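sequence first, predicted coordinates after that:
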Amino acid sequence: MGRTRAKAKKSVPTVTNSSQSSSSSAAPAISALLDKAQELIVQCDFPLARKFIERALVRDDGSVNEKNQAREMMGVVLLETGEVDKARELFLTLLPPHPTAPTPPPPSAHLYLAQLSTDPYTALKHYQAAIDILQTQLKGKAPSPTQGNEQDEGEDEVRSNIVRAYVGMVEVWMDPEYDLCFDPAASSTCDSLLANALQIDLHNLEALQCLASVRLSQEKTEEALTALLTFPPSSPDAPPARNQALVAALPLSVRLARAKLLLECGAYHDALDVLENVLASDDSSVEGWYLMGWGWWLVAERQKEGGEVEGSEGLTWEDIARDSRDCLETCQMLHESQSDPDTPILEHVQELLGTLDALGIMSSPVQDDEEGDRDSWEDASDDEDVEMS
């Protein structure tokens, strides 16, 4: 855990390729268009991806599977470019009773529609429908000695999608915007859904993170922390940074949520490690700088009260509080420049900066390039009468 000095791209779901077999000579050209479009989607070049998909859709020689794949990819592009209603309409064409819907429908269409739904019951139905289709696919994936790793990768992807669907259902039940979270059965329902998810993949990090969130809502902090610090078993010679690499592979939004949960559990060192990685990936993340500033604030508060946090040895609480201020000021600057709509974050940042003002904690001095690797801290005010909480 280092001390980050002050100064997102969204995770794009991959459309599962359908089988690309066709007897016509034009089929490879259609598949090539879709392959290129998928590559551009991953690169977040949605306008150019759209052109390739449109070329595939106007062709008359593509297979039914290719046409359905193109429609699904177009739905993703529309969603990513803010055309939500059009995306919803397109995903609905992939489901019965639409006359051109494939049988069975792609589970991804249900998953997208679940996330787009404003009605919790409709969202839950789409998630369950996706799970049912994926479970059928999983049962059909009998071990094949000729497919080897390819077979394993396909099964792993299906399992991951099932787990994500269960996690999505839990999030619907826990969402304070819906009445479901006040249902007396909400807690037990979430427990049951997570048990199903972990039965599919016992060490799935997103499922374990969701479990931690549920346990915190149940005021079971120790169980929440245990879930957050549970990782897949490794061999004795595995590198020490293996678990960090597993977390770094998660989507940015998931890592931010993970850091927040770790902070709420009091695991400041682990939270700040996650946030360092987040900001290395995207140093324009408003929430990342906010959580980093809040994390250093909590470490400084503990240090000021006589406690210690791993990674802060040899630092005074004033040093750590100054780090907090640097991060919070960066957050405030980015919040303004990006016109970020998250008002609660800005309000909390301003509250923390106000307290730091009262404590006499100023920003770190600007360093020359050749001095960038050295710490040069200003002395803080001796007035420590102001409480940090």
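Sure thing, it's come through.

contacts and neighbour counts: CA atoms only from here.
Noted.

in the longest helix seen in the chain, which residues are buried?
When the chain is parsed with DSSP state H, its longest helix is helix 149-174. Within helix 149-174, the residues that qualify as buried are 155, 158-174, counting by 16 or more other C-alpha atoms under 10 Å.

show me what counts as buried in stretch 102-111.
Residues of stretch 102-111 classed as buried: 105, 106, 107, 108, 109, 110, 111 (neighbour count, 16+ other C-alpha under 10 Å).

closest to residue 214 among those residues?
Distance to residue 214 across the buried residues of stretch 102-111 (C-alpha to C-alpha) is lowest for residue 111, with 21.7 Å.

so what's the closest one up against?
126, 127, 130, 165 (C-alpha atoms under 8 Å, 6 or more residues apart in numbering).

in helices only, show me these.
Within the contacts of residue 111, residues falling in helices by DSSP H are 126, 127, 130, 165.

could you dump those into CSV and include pLDDT?
Putting these into CSV (pLDDT from 0 to 100) gives the following:
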residue, pLDDT
126, 98
127, 98
130, 97
165, 98
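
just the CA coordinates of stretch 349-357, formatted as CSV?
Extracted in CSV, the C-alpha atoms of stretch 349-357 (Å, rounded to 0.1, in the frame of the first residue of the first chain):
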residue,chain,number,x,y,z
VAL,A,349,-15.5,15.9,0.0
GLN,A,350,-16.2,19.6,0.9
GLU,A,351,-17.1,18.5,4.4
LEU,A,352,-13.8,16.6,4.9
LEU,A,353,-11.8,19.5,3.4
GLY,A,354,-13.5,21.9,5.8
THR,A,355,-12.4,19.8,8.7
LEU,A,356,-8.9,19.6,7.3
ASP,A,357,-8.9,23.4,7.1
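
could you give the mean pLDDT of the next helix-or-strand element following the longest helix of the chain?
Proceeding N to C from helix 149-174, the next assigned helix or strand is helix 186-200, under DSSP states H and E. Averaged over helix 186-200, pLDDT sits at 97.

same check, this time on stretch 217-236
Stretch 217-236 shows a mean pLDDT of 93.

equivalent analysis for stretch 348-360, please.
Rounded to a whole number, the mean pLDDT of stretch 348-360 is 95.

list the buried residues in it.
Neighbour count says stretch 348-360 has 349, 352, 353, 356, 358, 359, 360 buried, by 16+ other C-alpha under 10 Å.

ok so, going back, filter the buried residues of stretch 102-111 down to the ones in helices?
Among the buried residues of stretch 102-111, the members falling in helices (DSSP H) are 107, 108, 109, 110, 111.

how many neighbours does the residue lying closest to the first one once chain neighbours are set aside have?
To tie it back to what came earlier, the one meant is residue 107. Excluding the flanking residues, the one nearest residue 107 by C-alpha to C-alpha, 6 or more residues apart in numbering is residue 130, at 4.5 Å. If you count neighbours by other C-alpha atoms under 10 Å, residue 130 ends up with 25.

go on, residue 277?
With other C-alpha under 10 Å as criterion, residue 277 counts 18.

ramachandran angles for it?
Residue 277 has phi and psi values of phi -70, psi -40 when expressed as degrees, to the nearest 10.

that one touches residue 248, doesn't it?
Yes. With contact defined as C-alpha atoms under 8 Å, residue 277 counts as touching residue 248 (6.8 Å).

any idea how far apart the tips of stretch 235-251 sit?
In stretch 235-251, first residue to last residue: 25 Å (C-alpha to C-alpha, to the nearest Å).

list the buried residues in that stretch.
Neighbour-count burial for stretch 235-251, counted by 16+ other C-alpha under 10 Å, picks out 243, 247, 248.

please report how far the last one lies from residue 274.
It refers to residue 248. To residue 274, residue 248 is 8 Å away according to C-alpha to C-alpha.

flag the shaky bits of the stretch 51-200 of the chain, pLDDT-wise.
141-152 (pLDDT under 70).

try 90 this time
For the stretch 51-200 of the chain, the stretches with pLDDT under 90 are 59-64, 100, 139-154.

try the stretch 251-389 of the chain
304-315, 363-389.

at 70 what do you get?
Applying pLDDT under 70 to the stretch 251-389 of the chain flags residues 367-389.

what ranges do the helices span in it?
Taking DSSP state H, counting those that start in this stretch as the criterion, the stretch 251-389 of the chain contains helices spanning 252-264, 268-281, 286-304, 317-337, 343-359.

remind me what the fourth one packs against, helices and strands.
Under the contact definition 3 or more C-alpha pairs under 8 Å, 6 or more residues apart in numbering; DSSP states H and E, helix 317-337 sits against helix 286-304, helix 343-359.

can I get those in a markdown table with distance to residue 270?
Output for these, formatted as a markdown table (distance: least, C-alpha to C-alpha, whole Å):
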| stretch | distance to residue 270 |
| --- | --- |
| helix 286-304 | 10 |
| helix 343-359 | 21 |
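
right, and these - which one's nearest residue 43?
Using C-alpha to C-alpha, those put helix 286-304 closest to residue 43, at 22.1 Å.

could you tell me the angle between the closest one and helix 317-337?
Counting by axes from the mean of the first three to the mean of the last three C-alpha atoms, to 10 degrees, helix 286-304 lies at 160 degrees to helix 317-337.

outside of helix 286-304 itself, list whatever touches it.
The contact list for helix 286-304 (C-alpha under 8 Å, 6+ apart) reads 256, 259-260, 263, 268, 271-272, 275-276, 278-279, 308-309, 316-318, 320-321, 323-328, 330-332, 334-335, 340, 345, 349, 388-389.
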